[in-house]
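> Quick one: sequence plus predicted model below, questions after.
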Amino acid sequence: MATKRRRNLAALGTVTLVGLALSACGAGGGAVPEATGDASEGTTTDEITFWDPYPQHTGGTPWDDLVTSCAPEGSTITRTAAPTADLMNQLTTAVREGNAPDVILLDNPAVPEAVSAGLVAAADQVGIDAAGIDENLLGPGVIDGEVYGIPFGSNALGLYYNADILDAAGIDPASITDWAALEDALAAVTEAGSEGITFSGIAGEEGVFQALPWFWGSGADLSDLGSADAVSTGQVMSDWIGDGYAPRSAATDNQSASWDLFLTGEYAFGENGSWFAAAAADSGFEVGVIPIPAKDGGVAPVPTGGEFLMAPVQSENASDHFANAAAVISCLTEGDKLLETNETLGYLAAKPDVRAEQVAANPLWEPWAPIVEGAEGRTTELGAEYVDVSARLSEALQVSLNAAGDTAQVETAFQDAGEG
Amino acid sequence: MSSSTLPARAPAGPRHPDPAVSPSDHPRRRRPSLSPRWAAAAFAAPLVLYLLLFYVYPLVQNFSMSLHEYDRATFVYGGAPFVGFDIYADILGQDRFRRIAVQTAVFTVVSLVVQYVAGLGLAVFFRRSFPLSSVLRAMFLVPWLLPVIVSGTTWQWMMNADNGVLNRFLGVFGADPVWWLNAENALMAVIIANIWLGIPFNLVILYSGLQNIPGELYEASALDGASTRQQFWRITLPLLRPVSMITLLLGLVYTLKVVDIIWIMTMGTGTSQTLATWSYSMAFGKGTSASIQYSEASAVGSVLLVVALAFGLLYLALQRKQED
């Protein structure tokens, strides 16, 4: 009996010891990541790691070739891609474990959170030069006056239209400069037997991105989701579904699904991004694009789209890692390469002179340049708080789209969001 | 040649205990009392280590995470403040939790009951072999064999509110189209898909259970004049009880933790949010909210674990009662 008890005690002791040893590992056996290091004191290393949110650009695609061609003399770049939400989580774990990549390309609404969690180093430390980049596009990369990352370019949202359908209904796209004119156009095309408009109202950031031009265009402000203007945004989108102008699947469609619907040729309008501009030119019908109208006339500000180049915080040899980052980032964003970077991804450059060059070379970009220049950063006003505001706006939008026009439900949803 | 090997063998040949050897024999005889214990420990060690590494450690970490208030920064740099059961109190006190718990219960119970009844019906049906019965039975396994991403996306297409095949089908009977994936109907939509997904599992296990019921029982009861219905209620169902219990328990655990089919179809929007999808969305900052909530996610995960454990213990208790 006594030996049995002793044996149990011994087993318990072993378990505890192993448990302690394991939790010690979990707490980070190596060095703790620190905000130290300076690119000017480091030298580039043989292997450079680069993470981006473009899993669609696999090895050997033009983007992959472009990134790997930016390796400094004697180095090779290994590129890894994951969707934005996963990339952010992988970055979090990597910084914690001390094996973060040299360069991270992160979607702009995630930048303030990455900065506030201490995942990325300041541009000064890394030796990233933000000179010449448009202020509105740089906005999401500036937190408390400090620059953390830079965009090479931006994409934006516009209102694509099917010229054949508008012609048949006798509508001049140039006349659609406010919500009322759009409403009339939608009524006219559906009367004529076509479908109205496709957009992406999927839950989460993607749907919020698509709703923001209407939200800002109504005069609403992200700091007050319960305002009458904000309610009118939810109402106009809810009515599109209620009146049968938009498909009910808009509540679950992402931007690709919404684009596929527009490409069927049945819809008069499709709210979508400049990244589809080239694909639009190849569709079987004539596609044009107009800026998204504001409620009372004029062009609605659209959210800036696109990613930021940054260097994660490192646990060891930070200066060398930063030197790697500086070399790769300057390669992608300076000189002739900036044009190549943007053309490869279908973006408009973040520097005005290069953007002008793109527009001059390709008339496809002409309608998009002013939209990009008038765009606003999603997180510029709210910083890291944006993520929560966006979540509440997303919930209100989902309720609105499901309400299919019911004014009481839309109003309650936005007021709840404003209080949350 | 052989003479040179023989003398060497000779001492080992006779099995008589040699008094000269006996002192060295003592430790050999005492060893059995010690070495089996160590040998047993050595054999068990890999398993114990495995359990500690991959079961105990993650569980302890998960529980510890739900007792500390983590955010992204403290997850990386450490120093998350200990808050005891505050996060549990906060989560359990939310209206949202109560709503999602009810949805989870509806999802689980309706899925389980319909899957079981349909699976049992099919199993009994297939018990009587008929031409092509094995081909048909194999075809019922298709939902199980398809990757969930494929079946989930297909269900999403079929349930499209404007031109999905399901609404077209309902239209044939003059029914109004249903907006399957909107907030209100989302729970029903994912339950339908999940039932379809779970029937093969029930069919396979219950069918193999039926194989173990001796045919003589049916013959004997038929001689005594029992109807088919009586045979089912008096023979099939009682003898299938142990198999039914394990099927329902496994089904319950699977259904409680379902994320994939719901996520693919609705991303947990509206009424289709369950405790599992809620925990997943908070743990990884996916879905409606991109803000990551490690501690809340682990608290909900722990609640789910406790529920599954409770049913596991209930199963053990029922099993013991049956054995007595």
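Structure's in. What do you need? The shown structure was predicted, so the numbers you read here are calculated from the model rather than taken from an experiment.
> Can you get me a residue count around residue A:82?
16 (other Cβ atoms under 10 Å in any protein chain shown). Quick note: C-beta positions are derived from backbone N, CA and C, even for glycine.
> Relative to residue A:94, how far out is it?
Applying Cβ to Cβ, to the nearest Å, the value for residue A:82 to residue A:94 is 11 Å.
> With residue B:59 instead?
Taking Cβ to Cβ, one finds residue B:59 at 24 Å from residue A:94.
> So which of the two has more stuff around it?
Between residue B:59 and residue A:94, residue A:94 has the larger neighbour count (other Cβ under 10 Å), namely 20 against 13.
> Around chain A, pick out the residues from chain B.
B:37, B:48-49, B:52-53, B:56-57, B:60-61, B:71-73, B:75-78, B:156, B:160-162, B:179, B:181-184, B:266-267, B:269-270, B:284-292 (Cβ under 8 Å from any Cβ of the partner chain).
> For the longest helix anywhere in chain B, name the packing helices and strands.
Counting residues, the longest helix found in chain B (DSSP state H) is helix B:95-127. Contact analysis of helix B:95-127 by 3 or more Cβ pairs under 8 Å, 6 or more residues apart in numbering or on different chains; DSSP states H and E lists helix B:133-139, helix B:186-211, helix B:241-256, helix B:275-284 as its packing neighbours.
> Dump those helices to CSV, plus mean neighbour count, distance to residue B:124 and mean pLDDT.
As requested, those are exported to CSV (neighbours: other Cβ atoms under 10 Å in any protein chain shown; distance: least, Cβ to Cβ, whole Å; pLDDT from 0 to 100):
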stretch, mean neighbour count, distance to residue B:124, mean pLDDT
helix B:133-139, 12, 12, 87
helix B:186-211, 21, 7, 94
helix B:241-256, 18, 12, 92
helix B:275-284, 23, 32, 94
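> Which of those helices sits closest to residue A:157?
helix B:275-284 (25.4 Å; Cβ to Cβ).
> Residues in contact with the closest one: which ones?
A:85-86, A:89, B:100-101, B:104, B:256-259, B:262-263, B:267-268, B:286-289, B:292-294, B:296-298, B:300-301, B:303-304 (Cβ atoms under 8 Å, 6 or more residues apart in numbering or on different chains).
> So which residues on the stretch 301-420 of chain A come close to chain B?
Residues of the stretch 301-420 of chain A lying near chain B (Cβ under 8 Å from any Cβ): A:387, A:388, A:390, A:391, A:394, A:395, A:398, A:399, A:402.
> out of those, which are buried?
A:387, A:390, A:391, A:394, A:395, A:398, A:399, A:402 (16 or more other Cβ atoms under 10 Å in any protein chain shown).
> ok, residue 104 - how many residues close by?
Just so you know, I chose chain A. Neighbour tally, residue A:104, other Cβ under 10 Å: 29.
> look at chain B instead
With other Cβ under 10 Å as criterion, residue B:104 counts 23.
> Low-confidence ranges, the chain, go.
As the question left the chain open, I've gone with chain A. Within chain A, the segments meeting pLDDT under 70 span A:1-35.
> right idea, wrong chain: chain B
B:1-34.
> Which residue does the stretch 101-250 of chain B have closest to chain A?
residue B:161 (3.9 Å; Cβ to the nearest Cβ).
> That residue and residue A:69, how far apart?
In this view, residue B:161 and residue A:69 are 47 Å apart by Cβ to Cβ.
> With neighbour numbers in mind, choose between the two.
The residue with more neighbours, out of residue B:161 and residue A:69, is residue B:161; 22 against 12, by other Cβ under 10 Å.
> so the more buried one makes contact with residue A:246?
No: with contact defined as Cβ atoms under 8 Å, residue B:161 does not count as touching residue A:246 (11.3 Å).
> Contact partners for residue B:136?
So residue B:136 contacts residue B:126 (Cβ under 8 Å, 6+ apart).
> separation between it and residue B:192?
22 Å.
> Derive a PyMOL selection command for the buried subset of the residues of chain B next to chain A.
Here is the PyMOL command that selects only those of the residues of chain B next to chain A that count as buried (16+ other Cβ under 10 Å):
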select buried, chain B and resi 52+57+71+72+73+75+76+77+156+160+161+179+181+182+183+266+267+269+270+284+285+286+287+288+289+290+291+292
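> Now, the residues of chain B next to chain A that are in helices?
Per DSSP H, the residues of chain B next to chain A map to helices at B:37, B:48-49, B:57, B:60-61, B:72-73, B:75-77, B:156, B:266, B:284.
> and which of those is nearest to residue A:190?
The closest of these, once distances to residue A:190 are taken by Cβ to Cβ, is residue B:156, at 25.2 Å.
> what's the closest non-adjacent residue to the closest one?
Leaving aside its sequence neighbours, residue B:156 sits nearest to residue B:265 (Cβ to Cβ, 6 or more residues apart in numbering or on different chains; 5.1 Å).
> residues touching that neighbour, list them.
B:152, B:155, B:156, B:159, B:181, B:186, B:189, B:190, B:193, B:272 are the contacts of residue B:265 under Cβ under 8 Å, 6+ apart.
> Over to residue A:386?
Contacts of residue A:386 (Cβ under 8 Å, 6+ apart): A:109, A:112, A:222, A:378, A:379.
> For whichever residue of the stretch 1-150 of chain B sits closest to chain A, list the residues it contacts.
Distances between the stretch 1-150 of chain B and chain A by Cβ to the nearest Cβ are smallest at residue B:72, namely 3.6 Å. Each residue near residue B:72 by Cβ under 8 Å, 6+ apart is listed here: A:92, A:113, A:116, A:117, A:119, B:292.
> Would you mind stating the distance between it and residue A:117?
In terms of Cβ to Cβ, residue B:72 sits 4 Å off from residue A:117.
> Now the common contact residues for the two.
With Cβ under 8 Å, 6+ apart, residue B:72 and residue A:117 have common neighbours residue A:92.
> Do me a favour and get the backbone dihedrals for residue A:348.
Per-residue torsions, residue A:348: phi -100, psi 130 (degrees, to the nearest 10).
> Could you find the closest non-adjacent residue to it?
Closest to residue A:348 by Cβ to Cβ, 6+ apart is residue A:372, at 4.8 Å.
> so which strand or helix has the one you found?
helix A:368-373 (DSSP states H and E).
> Please compute how far whatever helix or strand comes next after that helix lies from its chain's middle.
Downstream of helix A:368-373, the first helix or strand assigned by DSSP H and E is helix A:386-403. On the basis of Cα atoms, centre = their mean, to the nearest Å, helix A:386-403 sits 17 Å off its chain's mean C-alpha point.
> in the following helix or strand past helix A:386-403, what's buried?
Later in the chain than helix A:386-403, the nearest helix or strand by DSSP H and E is helix A:407-419. By 16+ other Cβ under 10 Å, the buried positions in helix A:407-419 come out as A:409, A:410, A:411, A:413, A:414, A:415, A:417, A:418.
> Specify the angle between helix A:407-419 and helix A:386-403 in degrees.
Here the directions of helix A:407-419 and helix A:386-403 differ by 170 degrees (axes from the mean of the first three to the mean of the last three Cα atoms, to 10 degrees).
> still on that earlier bit, and which of the contacts of residue B:265 is nearest residue A:263?
Nearest member of the contacts of residue B:265 to residue A:263, counting by Cβ to Cβ, is residue B:156, at 19.0 Å.
> if I read this right, the closest one contacts residue A:252, doesn't it?
Yes: shown here, residue B:156 and residue A:252 form a contact pair, counting by Cβ under 8 Å, at 7.3 Å.
> anything in contact with each of those two?
residue B:181.
> Residue A:73: neighbour count?
Counted with other Cβ under 10 Å, residue A:73 comes out at 6.
> That one: which element?
Per DSSP H and E, there is no helix or strand for residue A:73.
> re earlier: just put the helices and strands packed on helix B:95-127 in a markdown table and tack on distance to residue A:281.
Listed next are the helices and strands packed on helix B:95-127 as a markdown table, based on distance: least, Cβ to Cβ, whole Å:
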| stretch | distance to residue A:281 |
| --- | --- |
| helix B:133-139 | 46 |
| helix B:186-211 | 38 |
| helix B:241-256 | 48 |
| helix B:275-284 | 37 |
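> Indicate the residue of the stretch 201-350 of chain A located nearest to chain B.
residue A:248 (3.9 Å).
> shouldn't that residue be in contact with residue A:241?
Yes: judged on Cβ under 8 Å, residue A:248 makes contact with residue A:241 at a distance of 5.8 Å.
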